[in-house]
Structure formats: C-alpha cells, structure tokens
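> A predicted structure for the sequence below; I have some questions about it.
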Amino acid sequence: MEHIFFKPEEPVLRLLDQRYLPEREEWFEARNLEDVIYSLQEMVVRGAPAIGITAAYGCCLLLKEVEAYADWQEKLLKGLNLLKAARPTAVNLTWAVDFMSKKWEEKKELSASELYGLWVQEALALHRLDIEINRKMGSWGAKLLEDGDVVMTHCNAGSLATGGFGTALGVIRAAIEAGKKITVIANETRPFLQGARLTAYELQKDNIEVIVACDNACGFLMQRGKVSKVIVGADRITSKGDVANKIGTYSVAVLAKKHNIPFYVAAPLYTIDPYTVKGEDIPIEERKQEEVTHIQGKRITPAGVKVFNYAFDVTPAELVSGIITEEGVFSYPYDFSFLKNR
Ligand code: MRU
C-alpha cells in the first residue's frame, strides 16, 4: 500500500491522512516545512520509518522554500533543526535529517538547485531502501512463525508506518507469502487507535485474518492460550536492546513473559540508537490531553481532570526474545555498539 508520494517538480508531498482511516481515504498535501511539521505532530503520518521518510522529503520541501534567499544556507539549517524536533521519540526522524545534512556537508559547494537535485534522489532512494529492508526483515522473521500461529501486535507497524510492507506486519506478510496460515490479534492501542483503525484496515485490505482486541484483554487472551507469539515494531532501540515503542507495549511484554509467549521486535537497524545505552535515557513524547479526555470530539472524562498521555514506553531488553532486523535475528543479551562504526 503506497501512502507517501513525492512530486519533486511541483514540489508537493502527498500523504494518506491516517487521522481519517478507516472511514475515508483522504490525502494531505504538504508544500512547505510548516505543513510537514504539522503532518508529523498531528499524526497525518506516523510510525518511526514513515516519519523518517517524510522528514527526508520534508528537507527537500524546505530547501525549495528557502532557495531564493541570499542567506538560504542559514535558513535551511534553522529549518532542519525545527524539523528534527517535531517528534522526540522515533530516532528515525533525527537519523533522516542528519543523513540529508551529511549529504549536504559532503557537497557544500553545491548551489541550492543542485542540492535540491541531490536531496530528491537521496530521499527517493531512502524510501525505496526502507521497503527493501522490510522485505529482508520479513524473510528472517517469517522463519520464527509457524503455520497456524496467532500473532498479537500492538500499535501499527505495517505499511502505513513505513515506506511499505511493514516491520512487524512485514514479518507476518512474509510468513503468509511462504504459505503459512497466520491470524493477527491487533490490540486497539488507545488513545490514537493505531491497532483498531490502521492495523485492522491494512490487514483486512490484504485479506489477512485480523481480530481486534481491547488493550486490556491482552492478559486474558494470553491466559486462555489464544496468543502464540507477539511481534511489535520499535521507535528506538538502545545499544543494549531496550525498546521504546507505543505505550502499552511494555505491559504486553510483561504478560508475554508471564505466559511463556515469545515476544519479538521487528525493526530496521536504523531504528537502533547505539549512542543511547539505557532505556530510561530515551526521550518519551507526551501528547495533548484531549487525545485521552475525548473520543472523536466527545468528552469522556469529567472536565478539568488531569490525564497521563505518554505516547511511548520502554520494554527492558530481557523481556525481548529476539530483535528481527534486515541482517538477521539478534537475541539477548544485546549489544548494538558495533553500529557506531557504520
Ligand atoms: O505514535 P506513533 O503512531 O508514531 O507510534 C508508532 C509506533 O509506536 C510503532 O509501533 C513504531 O513506530 C514501529 S513502526 C514500524
């Protein structure tokens, strides 16, 4: 499912607006930095790799916006820093902006229009590469699944969260392509409902059997033997394998441990942050209260009540049975410090 399109000649970035799925397929058009930051913060587009790809195209839009100014280089630098700060947890955002910045640093002599040509090619290549990586991850991960497995997932780590195919859902897709029958339990994932809305939407579109469950049904379903394995994605993984992912993931991991259910994380190597060692050092995004106090514009809590709206949590490495990457499946104890040399 293609949900991110960049047209360099206009230029415009067209994003399938995930706020309105599954009711309607509406497209959001980003034409400048402000639109891109809005699309990230309001979650028109979300999911760590998709955030990174959007940011790479966002760099191109920003460059077009400032190229006519005499001080375009200063304006560009300022804009890149704003873009990087749009969401704090998914390391892919910083990674993508740093990647584009490095390409610029290597060719500082380029004019703005020459740099635009280079950046467009780099952003398109990054997008294509992400899909290839997901396919590779899928073929490694598919070996861990057996015919008849019922796989629980949390949030949406599918096509909609990546350049295409997905990380956790990519593993499931690859197992199905290999002829295995797999059923997916999609935890609804309050408050943005990535599971109920997005995971269910894209799996149903692909005719993959999906059952949506309330987040708080997880323990019961595991206790009753209804879950064979868990696979989730990640927003950032530390060098020792602590995993930041959508709020609720940690609870699923603890319950999986209690019930002896394998708990896997599928993520590309660029989601691993080898410079952060401990999970507690990962910045956790706190989002607006209305996401919790309201459902579809209707208040569900007493007015004025305080709420927690942490968007992510951290699952300690020892609860993770394996980390599926494009270069193979890593197992505990993890040490990703080798990525510093890449
Ligand atoms: O707030 P979101 O929807 O951007 O959070 C997304 C997740 O937590 C995903 O599980 C994660 O990014 C993995 S995506 C392949």
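Perfect, I can see it now.
> which residues touch the residue of the stretch 101-250 of the chain found nearest the ligand?
The ligand sits closest to G233 of the stretch 101-250 of the chain, with a gap of 2.6 Å, by Cβ to the nearest ligand atom. Where C-beta positions appear, they are placed from N, C-alpha and C, glycine not excepted. Each residue near G233 by Cβ atoms under 8 Å, 6 or more residues apart in numbering is listed here: G47, A48, C155, A157, A161, G166, T167, A168, N245, V265, A266, A267.
> can you rerun that using 6 Å?
Residues counted as contacts of G233 (Cβ atoms under 6 Å, 6 or more residues apart in numbering) are A157, T167, A168.
> in what helix or strand does the nearest residue to it once chain neighbours are set aside lie?
What sits nearest to G233 in space, not counting adjacent residues and going by Cβ to Cβ, 6 or more residues apart in numbering, is A157, at 2.8 Å. Under DSSP states H and E, no helix or strand contains A157.
> What about A157, how many residues nearby?
34 (other Cβ atoms under 10 Å).
> A213 now?
18.
> Buried ones in the host helix or strand of N92, by neighbour count?
Element membership for N92 (DSSP H and E) is helix 91-106. Burial within helix 91-106, assessed by neighbour count using 16 or more other Cβ atoms under 10 Å, is assigned to V91, N92, L93, T94, W95, A96, V97, F99, M100, S101, K103, W104.
> what distance separates it from the centre of its chain?
Distance of helix 91-106 from the chain centroid (Cα atoms, centre = their mean, to the nearest Å) equals 17 Å.
> Quick one: residues in contact with that helix.
With Cβ under 6 Å, 6+ apart as the criterion, helix 91-106 contacts 48-49, 51-52, 55-56, 59, 80, 83-84, 87, 119, 122, 236, 270, 273.
> Kindly format the C-alpha coordinates of it as PDB.
Taking Å, rounded to 0.1, in the frame of the first residue of the first chain, the C-alpha atoms of helix 91-106 are listed here in PDB:
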ATOM      1  CA  VAL A  91      15.100   8.100  16.300                       C
ATOM      2  CA  ASN A  92      14.400   7.700  12.600                       C
ATOM      3  CA  LEU A  93      13.400  11.400  12.400                       C
ATOM      4  CA  THR A  94      16.800  12.700  13.600                       C
ATOM      5  CA  TRP A  95      18.500   9.900  11.600                       C
ATOM      6  CA  ALA A  96      16.900  11.000   8.400                       C
ATOM      7  CA  VAL A  97      17.600  14.800   8.800                       C
ATOM      8  CA  ASP A  98      21.200  14.000   9.900                       C
ATOM      9  CA  PHE A  99      21.600  11.800   6.800                       C
ATOM     10  CA  MET A 100      20.400  14.600   4.500                       C
ATOM     11  CA  SER A 101      22.600  17.100   6.300                       C
ATOM     12  CA  LYS A 102      25.600  14.900   5.900                       C
ATOM     13  CA  LYS A 103      25.000  14.700   2.100                       C
ATOM     14  CA  TRP A 104      24.900  18.500   2.100                       C
ATOM     15  CA  GLU A 105      28.100  18.800   4.200                       C
ATOM     16  CA  GLU A 106      29.900  16.500   1.800                       C
END
